[in-house]
Every structure is written in structure tokens, then in C-alpha cells.
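Peer 1: please find the sequence and the predicted model below.
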Amino acid sequence: MTRLSAAFAKGRPALVTFVTGGDPTPADTAAILDALVEGGADVIELGMPFTDPMADGPAIQLANLRALGAGTKTADILAIAAAFRARHPEVPLVLMGYANPMTIRGADWFAAECAKAGVDGVICVDIPPEEDAELGPALRAAGVSLIRLATPTTDAARLPAVLEGSSGFLYYVSVAGITGMQQAAQASIEEAVARLKASSTIPVAVGFGVRTPDQAAAIARVADGVVVGSALVDLVAKHGQAAAGPVRELTAALSQAVHQSRQTLQEQTA
Amino acid sequence: MNDHAPNSFRNQPDERGHFGPFGGRYVAETLMPLILDLEREYTAAKADPAFKAEFDDLLEHYVGRPSPLYFAPRLTEELRKSAPAGNGAQIWFKRDELNHTGAHKINNCIGQILLAIRMGKTRIIAETGAGQHGVATATVCARFGLPCVVYMGATDVARQAPNVFRMKLLGAEVVPVTAGAATLKDAMNEALRDWVANVHDTFYIIGTAAGPHPYPELVRDFQSVIGREARAQMLARTGRLPDLLVAAIGGGSNAIGLFHPFLDDPSVKMLGVEAAGHGLDKEHAASLAGGRPGILHGNKTYLLQDEDGQITEGHSISAGLDYPGIGPEHAWLKEIGRVDYTSATDQEALEGFQLLCRTEGIIPALEPSHAIAAVAKVAPTLPEDAIILVNLCGRGDKDIFSVAEHLGVKL
């Protein structure tokens, strides 16, 4: 069992958390990642900053600019990942970002560096299944999961192509839009997750617009995992180098809500 | 020329939207189904005589096509003064600056809004740099009664105030974008963010021959009216084809529109002119000369970027050339050697601008002024009977304030 599959096999929904690497500086990221783990996150997504994050809303756009402004390089992100792996041998770590920084030195180089740093999976926003050759084969050969995104516009005809060659988990983007904006209606999430799980053998995690423990718990009742990003990134923006404490607190509240969501439901219905 | 030249240079892209190793569809999953819809709809439209008839009718009666093909006698003579005896090519202009709205941009906007209507979309968005594409988009939206939102870098909003006012007069909402350097690439990011949140009803009219497939192909096809007309006009007027085509390149839509119909004419050489800004060793916007292949805004192409793949800001005196990338078909044409590419600095473009004003009584936009600057260098090296055809893709009314500023004149 891989670290990623183990994270979704704990008999309860998983909390997946995102922060941007190098925000506010590369030296501060380790403490923020540790706070996520201490707060109870099951999977860590580490954002690779990019100058042109066109799928992200204002919160993560600004995080990208802060990280790049602090001089964050790809080498820093890989070093942050390797150091995280040494401190937390069991916690799955996923790199999330855009195609150009991932492929500029060649996909084989990137995949090998990910494997060397102990990265479990990669989410690339702007490489759809149609362009899989750009990155997918290199990741699979290196034993790194390619985690694909499914969206409200991914219809039944496309879904098999999205699932083909992906592993780890399927990231369901619950709204057609950018990160950190409105949340999708609960009913639409339930319908979508049911549809995805009918076709998929890998876990389904739901994200985009999830900010509070209550929202996270509602989604956790129907999905295998819940992804929270912008709300945590907002705390880093607000508290800067002192962000670890507030990040730990919010993560603890989120993980408690997610981990106990079905238990609560069962108690309520009992 | 490459030893392994293909049978035709005009059959790109392949079915997956690739021009050799360039192009493609590098977009978020949310957009992918829409991109596939657009491709299906464009394929159907191309085969539909009614679509072509409506496009042609609007180009003739609304845009004012065909645009004239003009021999420039005094510019030709002026450049012969510095040429060796027997040299100094004839210079001809394809006058797309006479189009409605003052540039070639409208050709593409007419085609794309017809596609939008065909697809049942009810809201139009666009990005703009200099404002020419924004004005052209706002124009066709007014003509067809569709709401229009134009994203424009805040820096460009400030330096292109007349075009901002034009767009507003035409009923468009102009949204200043403050992210990044607040120029064209940031406007394109913001337009993509709008699109991904409004895919159900919104059509994105991209202004240049770049972006995810099928945009580079369809923008090229709509702009190819320039080259088709010019080829027929030149044959009718001179009985032969030109020896050299010259066009300015930002994203490259006016250049590909002129070049594409001539690509399989082996005697016709082509020269694309990028913006060298303050110089290729300083700040510039010449992606082919100073960049390398990467992925941005839906396609793989030459980009200005650092060793980590972070995109760097382009600079040009011309807001319309101020983009750190280039259309993927140009990247391919460069790699296979069918088209040559060079560059002109801000200063050279300013000189080209004034040269055309004085010799021909035509005030060009700063974008084609880069092409004129290149012609001023090339024409004296060619024989007198050689023909150079330049795409005069825009008029300079929008630029007189910034030109005055650069020349130290207070208006």
C-alpha cells in the first residue's frame, strides 16, 4: 500500500490541505507544513509557485507572488519536500502546480527529482489527458502518482480518459471556476461524487471553495476526502512568519470535523 | 531550408492541434470539454457555405475589404538613396490599417463572434494589450448585440486611454487587471479565469494566433484573408508573386494571416519582425530571439522565461507587441526554417514610424513600424526589381500620444 492509498484507508474521510511552497519565504514553509501534520491533515499538497497561476483566485495568486518575490526556486521546493519526507516518513506529500515549471528541464528530470525527494504524487493544473505525454509517462515510470482533476464539465464520455493513467486519488473540482471563490451546492457535490465513484476505483477528494469545518464535514459525509487550500493560504497571508500557530488551529478544527463527520451523522441518525 | 521539408507547409496543425512540437491544448480540465466543443463547431462551420457567406459579406460591407494593395513610390526611392547602384527593392503595402476600427484585428473578431453565435453563447470576453483587439471585440459585440467584458492590464489602461474610451463608447465593460506587471499576459490570465467560471454561456474571443487549439488555427484562418487578397492583387497588378513578405510579430496574427497563403510558394521569402524593445541584451519582447520553448496560456511555444520556467515580462514601445510568447505556428515555421525572424528596437520602430509618415503620408501604428524598420534595412540589399510586400496591419492614431512623449513633444 502506498502512502497515498494508506491515507484514504483509515476508515474515515481524509483531510487534504494545500499551502504554497515558499510563502512567505522558503525558510518558513517547513514550520507551516509541520503545523498541517500536527493539526491532523492526512495528505499535504505543496504548491509550486508560478508567475501565471491562471486557475487560481486572488488568495493563491498572491501567495504565488509572495513566494516568488522571496526568491523561491524549483530547487527550494524540492528541498522543502525532501526535508519534509525526512521529518514525516508516513505522511503523503503531493506537489501541485502548472506545466511550465514542471516540464522546463524535461519531464524525466522532474519525475526523478520528485521520486528522489519522496514526493508521492503530482497535480498539474494545465496538462489535461489530451496532453498526457508531456508529463504522465515520466511520472508513472518514476513511481510517482499522477493525480488528475475532474470538474463539473467532465462528462461521462470524458471521465474514462481522465481516470486512465491517474492514481493516488481523483481530485474533484466542485465548481467551474478558480480556487478560493464560492462553494458548490451540497446536492451537486453529492450527485457528482456518486457519479465519479461509480466509475473510479481510486478515492475521490473534493475541493475548491471549502473554507470552514462545517463545509468540510458536509462534504466528508459523501466523499473520501476534502481539500482545503485558500482558507489556509489566507492565514499565511495574514500572519506571515507567525502563521504556523493559526494554521495548526484551523487544520485541527478541519480535521476533527472531517474525521468525525460520518460518526456524527451516525450518532444523529441513531 | 530544412532537408526534410514537408510536402506542404499549409497542412498544420495535426488533429491534436500540434504544429510540429508546438501548439496543443494545455488547459485546465474545466475548459477542456468546451475547447473540444469549439473544435467540433469550427470544423462544421468551415464546411458550411452559409458560414463562409456571412463572414465574407461582413468583411466586404462592414469591415471594408478587400483592403488596397499599395505601391509606395517615395519610400522606395528614399531607401534607394542608401542602396548600392541597381539595388533598392520596390516596397508595397497591404493596407489593413484602412479596415473598420483601424487594424487587422477585426477580421478575426468577425469570424469568432459568428462562431460564438453559432454555439449559442450569449456573453463575450476578450483580453487586450494596446486596445486594438479590445476595440475590435467591442465593435462586433455592439454589431451583434452581445454583452462584452474586456480584460486589460492596468498599465495598458493608463497608456492607451483613447482605446479604453472607445471600448466604453461601444458598450463594453473594461476591467483593469492589476496582477503581475498589469499588461497583456496578466489580462489573458484574468480572461481565462473569467472563462473557467462562466463556461456555460461565455465565448472567449482570443486576439492572436495563440492559446489552446483550435484558436491558433481558427485565428490564422480568419486572418488569412489578408494573404489571399494580397496574393491575388499582386498577381493581377504585377503578374508575379512578391519576393519577400514582411510583418511585425507580437502573438503573430497579422503575420500568419499574410504568410500562410504564400507558404507553398517556394520563391516567396518571409520575414517576421519581433519587438527588440530597448535591445535584445536588455528588456524586450522577442520570444523567438530571446526565449525558449515552454507552456503558457494553453499552448507550447517560445516564451520569455527564466531557468525555472517562470515567465518574464516583455517590453516594447508598442503595447500590442508586449507579450512574452508567440503563436505556435511561428515557433514551428522558425524551427523548420520556412520563415526568417528578426527584430527591431523601440528606437528603430520610432524611426520607421516617422519615415512612413514623411514619405507616404500614412501614419502607421507602432506595431507595423517595426516591420518598416526591418524593411529599411533589407530593401537596400535587394535588387531594384525585387518586390517586398509589407503588412501595414494598423494605423497610428492610437499611438500619437506615446510617440509624442518619446520624441519629447508635449501635446
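Peer 2: Perfect, thanks for sending it. Numbers count the residues shown, from 1 in each chain, chains lettered A, B, ... in the order given.

Peer 1: how about residue B:203, secondary structure?
Peer 2: strand (DSSP: H, G, I helix; E, B strand; the rest coil).

Peer 1: does stretch A:149-161 come close to chain B?
Peer 2: Yes - Stretch A:149-161 is in contact with chain B by CB under 8 Å from any CB of the partner chain, via A:149, A:150, A:151, A:152, A:153, A:154, A:155, A:158. (Each C-beta comes from the backbone N, C-alpha and C, glycine too.)

Peer 1: and the first one, bridged to which residues?
Peer 2: This means residue A:149. Assessed by DSSP bridges, residue A:149 has beta-bridge partners residue A:171.

Peer 1: okay, helices next: where are they in the stretch 151-270 of chain A?
Peer 2: Applying DSSP state H, counting those that start in this stretch to the stretch 151-270 of chain A gives helices spanning A:159-163, A:186-199, A:213-220, A:230-239, A:244-259, A:261-269.

Peer 1: pLDDT below threshold where in the chain?
Peer 2: Just so you know, I chose chain A. A:264-270 (pLDDT under 70).

Peer 1: sorry, should have said chain B
Peer 2: B:1-5.

Peer 1: confirm that residue B:93 sits in a strand.
Peer 2: Yes - checked against three-state DSSP, residue B:93 lies within a strand.

Peer 1: ok, it to chain A distance?
Peer 2: Using CB to the nearest CB, to the nearest Å, residue B:93 is found at 36 Å from chain A.

Peer 1: with residue B:324 instead?
Peer 2: 9 Å.

Peer 1: buried sites along stretch A:237-256?
Peer 2: Going by neighbour count (16 or more other CB atoms under 10 Å in any protein chain shown), the buried part of stretch A:237-256 is A:237, A:243-244, A:246-248, A:250-256.

Peer 1: helix or strand: which one has residue A:46?
Peer 2: Applying DSSP states H and E as the criterion places residue A:46 in strand A:43-47.

Peer 1: for that strand, the distance to its chain's centre please.
Peer 2: Put simply, strand A:43-47 sits 5 Å off its chain's centre (CA atoms, centre = their mean, to the nearest Å).

Peer 1: what's near enough to touch the residue nearest in space to the middle of chain A?
Peer 2: In chain A, the centroid-proximal residue (CA atoms, centre = their mean) is residue A:45; its distance is 4.0 Å. Contacts for residue A:45 (CB atoms under 8 Å, 6 or more residues apart in numbering or on different chains) come out as A:16, A:17, A:18, A:19, A:94, A:95, A:96, A:123, A:227, A:229.

Peer 1: name the nearest residue to it, ignoring sequence neighbours.
Peer 2: residue A:18 (4.1 Å; CB to CB, 6 or more residues apart in numbering or on different chains).

Peer 1: ok, residue 204 - how many residues close by?
Peer 2: Answering for chain A, as no chain was given. 21 (other CB atoms under 10 Å in any protein chain shown).

Peer 1: switch to chain B, please.
Peer 2: Neighbour number of residue B:204 under other CB under 10 Å is 26.

Peer 1: sorry, back to before: between the helices of the stretch 151-270 of chain A, which gets nearest to residue A:34?
Peer 2: Shortest distance between residue A:34 and the helices of the stretch 151-270 of chain A, using CB to CB, is found for helix A:244-259: 7.1 Å.

Peer 1: CA-only coordinates of that closest one in CSV, if you can.
Peer 2: Taking Å, rounded to 0.1, in the frame of the first residue of the first chain, the C-alpha atoms of helix A:244-259 are listed here in CSV:
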residue,chain,number,x,y,z
ALA,A,244,2.2,28.1,11.9
GLY,A,245,0.1,28.5,15.0
PRO,A,246,-3.1,29.7,13.3
VAL,A,247,-2.6,27.2,10.5
ARG,A,248,-2.3,24.4,13.1
GLU,A,249,-5.5,25.6,14.8
LEU,A,250,-7.6,25.8,11.6
THR,A,251,-6.2,22.4,10.5
ALA,A,252,-7.2,20.8,13.8
ALA,A,253,-10.7,22.2,13.6
LEU,A,254,-11.0,21.0,10.0
SER,A,255,-9.5,17.5,10.6
GLN,A,256,-11.8,17.0,13.6
ALA,A,257,-14.8,17.9,11.6
VAL,A,258,-13.8,15.8,8.6
HIS,A,259,-12.6,12.7,10.6
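
Peer 1: list of residues touching that helix?
Peer 2: Residues outside helix A:244-259 that contact it (CB under 8 Å, 6+ apart) are A:12-15, A:17, A:19, A:31-32, A:34-36, A:38-42, A:213-214, A:216-217, A:220, A:225-226, A:228, A:231-232, A:235-236, A:238-239.

Peer 1: right, and residue B:365 touches residue B:402 too?
Peer 2: No - counting by CB atoms under 8 Å, residue B:365 sits too far from residue B:402 to count as a contact (10.8 Å).

Peer 1: more neighbours: the two, which one.
Peer 2: residue B:365 (25 against 18).

Peer 1: please tabulate the helices of the stretch 151-270 of chain A in CSV, including the columns distance to residue B:46.
Peer 2: Output for those, formatted as CSV (distance: least, CB to CB, whole Å):
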stretch, distance to residue B:46
helix A:159-163, 25
helix A:186-199, 34
helix A:213-220, 44
helix A:230-239, 42
helix A:244-259, 50
helix A:261-269, 52
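
Peer 1: show me how to select, in PyMOL, the buried members of the contacts of helix A:244-259.
Peer 2: To isolate the buried subset of these in PyMOL, counting by 16+ other CB under 10 Å, use the following:
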select buried, chain A and resi 12+13+14+15+17+19+32+34+35+36+39+40+41+42+213+216+217+220+225+226+228+231+232+235+236
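
Peer 1: residues contacting the residue lying closest to residue B:188 once chain neighbours are set aside?
Peer 2: Nearest residue to residue B:188 in three dimensions, chain neighbours excluded: residue B:127, at 4.5 Å (CB to CB, 6+ apart). Applying CB under 8 Å, 6+ apart, we find residue B:127 in contact with B:133, B:134, B:150, B:151, B:152, B:184, B:187, B:188, B:190, B:191, B:206, B:207.

Peer 1: tell me how far the residue positioned nearest the centre of chain B lies from residue B:335.
Peer 2: Residue closest to the average C-alpha location in chain B (CA atoms, centre = their mean): residue B:253, at 3.1 Å. The gap separating residue B:253 from residue B:335 is 19 Å, by CB to CB, to the nearest Å.

Peer 1: I'd say the residue nearest to the centre of chain B and residue B:111 touch.
Peer 2: No - assessed by CB under 8 Å, residue B:253 is found out of contact with residue B:111, at 11.4 Å.

Peer 1: show me what from the stretch 1-150 of chain B comes close to chain A.
Peer 2: So far as CB under 8 Å from any CB goes, the stretch 1-150 of chain B lies against chain A at B:16, B:24, B:25, B:26, B:27, B:28, B:29, B:30, B:31, B:32, B:33, B:34.

Peer 1: burial of the closest residue to residue A:68 other than its chain neighbours, as a residue count?
Peer 2: Leaving out its chain neighbours, the residue that sits closest to residue A:68 by CB to CB, 6+ apart is residue A:49, at 5.1 Å. For residue A:49, the neighbour count with other CB under 10 Å is 29.

Peer 1: just list the residues touching residue A:49, thanks.
Peer 2: Residue A:49 touches A:20-23, A:63-65, A:67-68, A:72, A:77, A:97, A:101, counting by CB under 8 Å, 6+ apart.
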